[in-house]
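Q: Return a 3D structure for these sequence lines:
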Amino acid sequence: MFKTIKTIISALFASILLLSTTTGSFAIDKLHFVIGGGAGGGWDGTARGTGEALTKAGFLKSASFENMSGGGGGKALAFMINTKPENTILVQSTPLVLRSITRHKGYVKDGGSGVISYKDVVPIAGVIGDYGAIAVAKNSPFKNFKDVVAAYKKDPSSVKMAGGSVRGSMDHLIGALAFQEAGADPNKVIYVPYDAGGKALAGLLSGETQILSTGLGEVMGARDQVRIIGITAPKRVSDAPEVPTLKEQGFDVQFVNWRGFFGPPGMSGSMKKEIAKMLGDVQKTPEWEAVRKRNAWVNIYNPDKKFVKFLEKQTEEMTALMKKLGVI
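A: Next up is the predicted model:
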């Protein structure tokens, strides 16, 4: 009887010890993700997918999400800068660099006017890359990008291109690059901006536009509704082997859009490093791989100072590209 009681107590103690170890193993208990666009966009998918992987893999106890549309991400940036929220990170991508290059104003410090750059927030880490994609509705007569180019050259007004953000954004530039490579004037292509990828997809499916320029990850889950007719990868990706590249169709357009996370001004160095480490460690887990594969992302982990150097280099590269396209 005594041995039985002793065994029960030992088992109970072991259970309590295991529980306390598990619950105390979270590097950070909770994290709030601010998303500068609407549902269904690349920022939205990256934030929610990252939060999903972090919680399922046991790095994070809970994750919450807030969509804050406005000004091509400017409203969310201003929120981070002006309120300096705790335990909050902002998802961003190449458009953050584009803002400073194009001198995009609005939604800035204390409600004034000016230009925001990545230097106004705290770069934590770049996490993934997403290839650009050109998609059409399933019932579209366009079977490939050559068909789109032929229709455009016959009647430029017959091809309207949807994107999930403002003119001069990443969605716009991806499509503009493709048309320029085809010999068209990218500034004459009709671009219809929507608030994030979900609404841009709806515009395509409703017939308001004929093609959609977006990120590959944004349309991976909509392949029952759309046909992806070209991506900006150097070769076909293993997560979507049926999708052709623009390069193999004779249009050598190669580009990958990074996405990463930023903290508010004043974020402590220890918090920044903790989150950066967590974002890197999660990429080694099956939970992350499930999210990555679902979106056909490329793992691009650039923490802290490496991320800053990457952003500095991309500013130079994107400036040259936008001058080439005639955007600036």
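
Q: Please count neighbours and contacts with C-alpha atoms only from this point.
A: Fine.

Q: Low-confidence regions, the protein specifically.
A: Applying pLDDT under 70 to the chain flags the ranges 1-27, 103-115, 327-328.

Q: One more pass at 50, please.
A: 1-24 (pLDDT under 50).

Q: just the helices in it please.
A: 2-23, 42-56, 74-83, 94-101, 145-154, 170-181, 197-206, 216-219, 269-281, 286-295, 304-325 (DSSP state H).

Q: Next, count neighbours for residue 215.
A: Look at residue 215: counted by other C-alpha atoms under 10 Å, it has 30 neighbours.

Q: just to revisit the earlier point, closest to residue 126 out of the helices of the chain?
A: With C-alpha to C-alpha as the criterion, residue 126 lies closest to helix 304-325 of the helices of the chain, at 6.1 Å.

Q: which other residues reach stretch 28-46?
A: Applying C-alpha atoms under 8 Å, 6 or more residues apart in numbering, the external contacts of stretch 28-46 come out as 47, 59-70, 72-77, 87-93, 164, 195-199, 215, 217-218, 259.

Q: picking up where we left off before, distance to residue 137 and mean neighbour count added to the helices of the chain, as TSV?
A: Output for those, formatted as TSV (distance: least, C-alpha to C-alpha, whole Å; neighbours: other C-alpha atoms under 10 Å):
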stretch	distance to residue 137	mean neighbour count
helix 2-23	47	11
helix 42-56	19	22
helix 74-83	31	22
helix 94-101	26	20
helix 145-154	13	16
helix 170-181	16	23
helix 197-206	6	21
helix 216-219	11	26
helix 269-281	35	17
helix 286-295	19	18
helix 304-325	27	15
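
Q: which stretch among those comes nearest residue 252?
A: Of all the helices of the chain, helix 170-181 sits nearest to residue 252, with 7.0 Å by C-alpha to C-alpha.

Q: The closest one versus helix 304-325: what angle between them?
A: 50 degrees (axes from the mean of the first three to the mean of the last three C-alpha atoms, to 10 degrees).

Q: tell me what helix 170-181 is packed against?
A: Where contact means 3 or more C-alpha pairs under 8 Å, 6 or more residues apart in numbering; DSSP states H and E, helix 170-181 is packed against strand 122-137, strand 160-163, strand 211-215, helix 304-325.

Q: Residue 244 and residue 227 touch, don't they?
A: No. In this structure residue 244 lies outside contact range of residue 227 using C-alpha atoms under 8 Å: 10.5 Å.

Q: roughly how far apart are the nearest residue to residue 220 once chain neighbours are set aside and residue 189?
A: In this structure, residue 220 finds its nearest non-sequential neighbour in residue 295, 5.9 Å apart by C-alpha to C-alpha, 6 or more residues apart in numbering. Distance of residue 295 to residue 189, given as C-alpha to C-alpha, to the nearest Å: 28 Å.

Q: Could you dump the helices and strands packed on helix 170-181 into TSV with distance to residue 248 added?
A: Output for the helices and strands packed on helix 170-181, formatted as TSV (distance: least, C-alpha to C-alpha, whole Å):
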stretch	distance to residue 248
strand 122-137	14
strand 160-163	22
strand 211-215	18
helix 304-325	22
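
Q: give the contact list for residue 310.
A: Neighbours of residue 310 in contact, by C-alpha under 8 Å, 6+ apart: residue 302.

Q: related to what we said a few turns ago, out of the helices of the chain, nearest to residue 239?
A: Of all the helices of the chain, helix 286-295 sits nearest to residue 239, with 6.1 Å by C-alpha to C-alpha.

Q: which one of the helices of the chain lies closest to residue 131?
A: Between residue 131 and these, the tightest spacing by C-alpha to C-alpha is seen for helix 216-219, at 5.5 Å.

Q: roughly how far apart are residue 235 and residue 246?
A: For residue 235 relative to residue 246 (C-alpha to C-alpha), the value is 9 Å.

Q: An error on my part: the question was meant for residue 90.
A: For residue 90, the distance to residue 246 equals 31 Å [C-alpha to C-alpha].

Q: Spatially, what comes nearest to residue 265 if we skip its sequence neighbours?
A: Counting by C-alpha to C-alpha, 6+ apart, residue 265 lies nearest to residue 121, which is 5.2 Å off, once chain neighbours are set aside.

Q: List the contacts of stretch 195-212.
A: For stretch 195-212, the surrounding residues in contact (C-alpha under 8 Å, 6+ apart) are 37-42, 69, 133-137, 140, 159-165, 192-194, 214, 218, 225.

Q: quick one: contacts for the residue nearest to residue 220?
A: Applying C-alpha under 8 Å, 6+ apart, the residues contacting residue 295 are 216, 217, 218, 220, 221.

Q: Spit out the contact partners of residue 89.
A: So residue 89 contacts 31, 32, 33, 34, 261, 262, 263, 264 (C-alpha under 8 Å, 6+ apart).
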